[in-house]
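sequence and computational prediction follow.
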Amino acid sequence: MSDDPRSWSADEAVSALYAAHWRRLVALVTSLMGESASAEEVVADAFVALHRRWDRLADKGSAVAYLRTSVVNGARDALRHRVVADRGRPLPDPAPDGPEEHAVRASEHRTVLAALDGLPARQREVLVLRYQGEMSEQDIADTLGISRGAVKTHAHRGLSALREVMSREERQ
């Protein structure tokens, strides 16, 4: 297999991209969705779609960007489906408390996730892609189909809202 992805077959490309990016993409989608089982499904679907479309992909060198965009869109679709499916379901009983330290960390983690969930979708997506996905502003803009300035604005507003929620929690 050559080093140039443009000359790879679909099998070679997907195998190489899978080995290099699977974990990071699953972590990214898990952050967007809040659970790893569905995240793995979304990422697997993105790889299957890439394999099917490999021969029609205009710029094979941007396959990673294609995958990122595909998993973000897949996460959005899965979240929309979850909202519809979860309507009317009773809330599960909370898990029993473990050791105190674990409970404190879990509480803080839940607070952050709840604060993220309370953000508008675009702000949440930008923050997750930026901090969990470790993506540059330009990569986020390309993935979400928005300008780099919009990425900065959504990040700033999202971080401000998170700071406000976290400082309120600390005062309580």
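All right, it came through fine.

so what touches stretch 157-167?
T111, V112, A114, A115, L116, G118, L119, Q123, R124, V126, L127 (Cβ atoms under 8 Å, 6 or more residues apart in numbering). C-betas here are computed from N, CA, C, even on glycine.

go with 10 Å
The contact list for stretch 157-167 (Cβ atoms under 10 Å, 6 or more residues apart in numbering) reads 108, 111-112, 114-116, 118-120, 122-128, 130-131.

and for stretch 13-20?
Under the criterion Cβ under 10 Å, 6+ apart, residues 1, 5-9, 25, 43-44, 46-48, 50-52, 54, 57, 60, 63-64, 66-67 lie in contact with stretch 13-20.

go with 8 Å
With Cβ under 8 Å, 6+ apart, stretch 13-20 has contacts from M1, P5, W8, F47, L50, H51, W54, K60, A63, V64, L67.

in strands, which of those residues appear?
Among the contacts of stretch 13-20, no residue falls in strands (DSSP state E).

out of those residues, grab the one that's most surrounded.
Using other Cβ atoms under 10 Å as the neighbour test, these are led by L67, with 23 neighbours.

roughly how far apart are R52 and H21?
According to Cβ to Cβ, to the nearest Å, R52 and H21 sit 18 Å apart.

got it, and S167?
From S167 to H21 the distance is 36 Å (Cβ to Cβ).

again with L113
Distance from L113 to H21, by Cβ to Cβ: 24 Å.

the two: which has the busier surroundings?
H21 (19 against 12).

which phi and psi does that one have?
Here is the backbone geometry of H21 (degrees, to the nearest 10): phi -130, psi -10.

mind listing what the nearest residue to G145 once chain neighbours are set aside touches?
The shortest distance from G145 to any non-neighbouring residue, by Cβ to Cβ, 6 or more residues apart in numbering, is to T69 (7.9 Å). Applying Cβ under 8 Å, 6+ apart to T69 gives the contacts D142, T143, L144, G145.

compare those residues and tell me which is most surrounded.
Counting neighbours by other Cβ under 10 Å, the top entry in the contacts of T69 is T143, with 24 neighbours.

CA-only coordinates of the helix or strand harbouring that residue, as CSV, when you get a sec.
According to DSSP states H and E, T143 maps onto helix 137-144. Extracted in CSV, the C-alpha atoms of helix 137-144 (Å, rounded to 0.1, in the frame of the first residue of the first chain):
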residue,chain,number,x,y,z
GLU,A,137,-11.1,26.3,14.8
GLN,A,138,-10.8,25.8,11.0
ASP,A,139,-11.4,22.0,11.3
ILE,A,140,-14.5,22.6,13.4
ALA,A,141,-15.7,25.2,10.9
ASP,A,142,-15.2,22.8,8.0
THR,A,143,-16.9,19.9,9.9
LEU,A,144,-19.9,21.9,10.9
